[in-house]
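Just to be clear, the model below is a prediction. Sequence and coordinates:
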Amino acid sequence: MSVSLYSRNVARRLLLIQFLAVMASGLLFSLKDPFWGISAVCGGMAVLLPNMLFMIFAWRHQAHTPAKGRVAWTFAFGEALKVLITFVLLVVALAVFKVAFLPLIVTWVSVLVVQILAPAVINNKG
């Protein structure tokens, strides 16, 4: 699910929980090797940064009252941009910074799982 489907408070909580997951994963992988910790943080940021940008994009367009049909196109554009930014960040991390693959992918997937599961936990608590 996307960040734009939630209220601002839930979206902020979700981003905070994702950030904490990135930092926890980075610290755990740092116990093996500091380079692995950096690789893990790069993988987590490949999820977190596009989500933050999408949230900002959604909030800016939420202030306006777009015409019918335009909401779907705006949402689709935001999602496509989010996927493209994620792909670019992963390619840059692997090709330019030459990070370790395993911690990058493990953290990337774990933060995606947090993105899926955290809203259910947040909504059940509130």
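Done, it's in.

Return the list of helices and strands in contact with the stretch of helix or strand residue 123 belongs to.
Following DSSP states H and E, one finds residue 123 within helix 101-125. The contact analysis (3 or more CB pairs under 8 Å, 6 or more residues apart in numbering; DSSP states H and E) places helix 101-125 against helix 8-30, helix 34-62. The way it works is simple: take the backbone N, C-alpha and C, and place the C-beta from them, glycine included.

Please parse the protein into its domains.
With domains defined by the TED database, the chain comprises 1-65, 74-125.

Now the first one: average pLDDT?
Per-residue pLDDT values over domain 1-65 give a mean of 87.

Kindly report the same for stretch 119-126.
On average, stretch 119-126 scores 76.

when you give positions from now on, start the count at 55
Okay, residue one is now 55; in that scheme the one you just asked about reads as stretch 173-180.

Please work out which residues outside the helix holding residue 177 touch it.
When contacts are defined by CB atoms under 8 Å, 6 or more residues apart in numbering, helix 155-179 is touched by residues 55, 60, 64, 67-68, 71-72, 75-76, 79-80, 83, 90-91, 93-98, 100-102, 105, 144, 147-148.

of those residues, buried ones?
60, 64, 67-68, 71-72, 75-76, 79-80, 83, 90-91, 93-98, 100-102, 105, 144, 147-148 (16 or more other CB atoms under 10 Å).

what's the burial count for the closest residue to residue 64 other than its chain neighbours?
In space, and not counting its chain neighbours, residue 64 is closest to residue 176: 5.5 Å by CB to CB, 6 or more residues apart in numbering. Residue 176 has 16 neighbours, counted by other CB atoms under 10 Å.

residues contacting the closest residue to residue 147 other than its chain neighbours?
Excluding the flanking residues, the one nearest residue 147 by CB to CB, 6+ apart is residue 96, at 4.2 Å. Contacts for residue 96 (CB under 8 Å, 6+ apart) come out as 143, 147, 151, 153, 158.

Which ones among the residues you listed map onto helices?
Counted as lying in helices by DSSP state H, out of the contacts of residue 96, are 143, 158.

Produce a PyMOL select command limited to the buried residues of the contacts of residue 96.
Here is the PyMOL command that picks out the buried ones among these, judged by 16+ other CB under 10 Å:
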select buried, resi 143+147+153+158
